[in-house]
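Asks: A structural model of the following input is requested.
(one chain, ligands or ions: 1)
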Amino acid sequence: ACQHRLWPEIDKVVQQQVAMARMGIGECGSGWQLFAEDGEMKMYRREEELDGMVVDPLKAVHVVKGITGHEVCHYFFTPQYRYDWETTLEQMNVLETISDDTLMFMQTHKRIWPASQRDVVFWSHIRKLPNEKDRDGPDIWTVVNNSTEHPDYPANNGKCVRIFLKVCLMCQTRVDPPKDGTPLSRENVSCKITYCSVVNPGGWAPASVLRAVYKREYPKFLKRFTAYIINQTKNKPIMF
Ligand SMILES: O=S(=O)(CCO)c1ccc(-c2ccc(C3CCCC3)c([C@@H]3C[C@@H]3c3ccccn3)c2)cc1
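Replies: The predicted structure follows:
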């Protein structure tokens with residue numbers, strides 16, 4: 001994978017995104033407003049516009065018991081599961097297998113009235129990072145999705161408006177070993193999930209409509225995605 005033309009960009013964006021995800025909400029600069037909360041899940045956004053278009057950065061933090069960061073990133077990265085959990089997905093194609101940890105996708109998302117239908121081309125990279133805080137603690141796992149161009153799929157040449165996105169899913173596993181020395185089980189693991197995304201809708205859509213879509217779709221997405229992983233992994237060995 002080192003020689004691929006995208007490698008320098010992938011490495012730069014992954015380092016950037018992970019640094020951002022690691023910062024707490026307080027450190028990320030002010031302006032974050034909590035817009036959704038459900039148990040351990042907290043969703044923040046900043047209201048930002050670019051050329052009159054809503055490009056609100058989103059940052060969600062969640063703690064889920066019984067699953068690990070490797071499992072969360074595995075089910076997020078691997079194409080074959082995506083239709084099971086991605087509610088607004090209409091079509092997904094793997095355009096290129098750049099390496100075993102880097103894929104390129106083309107996706108069309110369901111039209112959300114009154115906005116026109118959207119599509120997106122992005123590379124997706126999964127990576128394990130050393131746990132700097134706790135040397136012998138479990139590694140951090142991350143998936144970064146970043147818009148890119150593909151010669152066979154030029155933007156806005158068909159029915160869809162091309163969106164641009166930068167997404168970072170970063171997961172930190174926590175293990176609380178059982179006191180009585182019994183073998184480790186899923187009750188002893190939990191995962192702190194940080195999901196950061198910036199979606200540029202590509203073409204104009206009413207700010208009120210987009211913000212309503214985000215307010216509805218993002219909490220639904222994260223709840224459905226994490227419930228899916230719990231269900232997929234419950235009778236399987238723990239993936240660390
Ligand atoms: O994390 S990912 O990389 C997972 C891979 O699939 C990803 C997440 C979200 C999107 C996405 C693309 C388009 C749109 C909108 C923009 C204007 C009209 C359609 C939305 C809106 C926000 C709603 C939404 C939010 C969350 C999940 C799905 N839908 C989201 C794409 C990829």
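
Asks: ok, what's across the strand from the most centrally placed residue in the chain?
Replies: Using CA atoms, centre = their mean, the residue of the chain that lies closest to the mean C-alpha position is residue 169, 4.0 Å off. With beta bridges defined as DSSP bridges, residue 169 has these partners: residue 143, residue 195.

Asks: how about the contacts made by residue 42?
Replies: Contact criterion CB atoms under 8 Å, 6 or more residues apart in numbering gives 34, 36, 60, 61, 62 as the residues in contact with residue 42. Placement of C-beta: from N, CA and C, glycine included.

Asks: mind doing that once more with 6 Å?
Replies: By CB atoms under 6 Å, 6 or more residues apart in numbering, the contact set of residue 42 is residue 61.

Asks: SS state for it?
Replies: strand (DSSP: H, G, I helix; E, B strand; the rest coil).

Asks: against residue 219, how distant is it?
Replies: 10 Å (CB to CB, to the nearest Å).

Asks: who's in contact with the residue of the chain most remote from its centre?
Replies: Within the chain, residue 180 marks the point farthest from the mean C-alpha position, 36.6 Å out by CA atoms, centre = their mean. When contacts are counted by CB under 6 Å, 6+ apart, residue 180 is found next to no other residue.

Asks: next up, phi/psi of residue 212, please.
Replies: Main-chain dihedrals, residue 212, degrees, to the nearest 10: phi -70, psi -40.

Asks: tell me how far it lies from residue 131.
Replies: Separation of residue 212 from residue 131 (CB to CB): 38 Å.

Asks: then residue 162?
Replies: Using CB to CB, we find residue 162 at a distance of 37 Å from residue 131.

Asks: higher neighbour count, those two?
Replies: Each of residue 162 and residue 131 has its neighbours counted (other CB atoms under 10 Å); residue 162 has more, 20 against 15.

Asks: okay, and the beta partners of that one?
Replies: residue 119.

Asks: assign residue 70 to helix, strand or coil.
Replies: Following three-state DSSP, the label given to residue 70 is helix.

Asks: OK, contacts around it?
Replies: Contacts for residue 70 were tallied using CB under 6 Å, 6+ apart; they are 141, 239, 240.

Asks: how far away is it from residue 39?
Replies: For residue 70, the distance to residue 39 - CB to CB - is 23 Å.

Asks: which secondary structure element contains residue 220?
Replies: Using DSSP states H and E, the secondary-structure element containing residue 220 is helix 207-233.

Asks: and that helix, what's its mean pLDDT?
Replies: The average pLDDT for helix 207-233 rounds to 95.

Asks: would you map the strands across this structure?
Replies: Secondary structure of the chain (DSSP state E): strands located at 33-38, 41-45, 49-50, 53-54, 58-65, 89-99, 102-109, 118-129, 140-147, 161-162, 164-175, 189-200.

Asks: among those strands, which is the most enclosed?
Replies: strand 140-147 (a mean of 24; mean count of other CB atoms under 10 Å).

Asks: any residues of this protein in contact with the ligand? List them.
Replies: Applying CB under 6 Å from any ligand atom, we find that the chain lies next to the ligand at 86, 88-89, 107, 109, 112, 115, 118, 120, 145, 163, 165, 167, 197, 199, 201, 205, 213-214, 217-218, 221.
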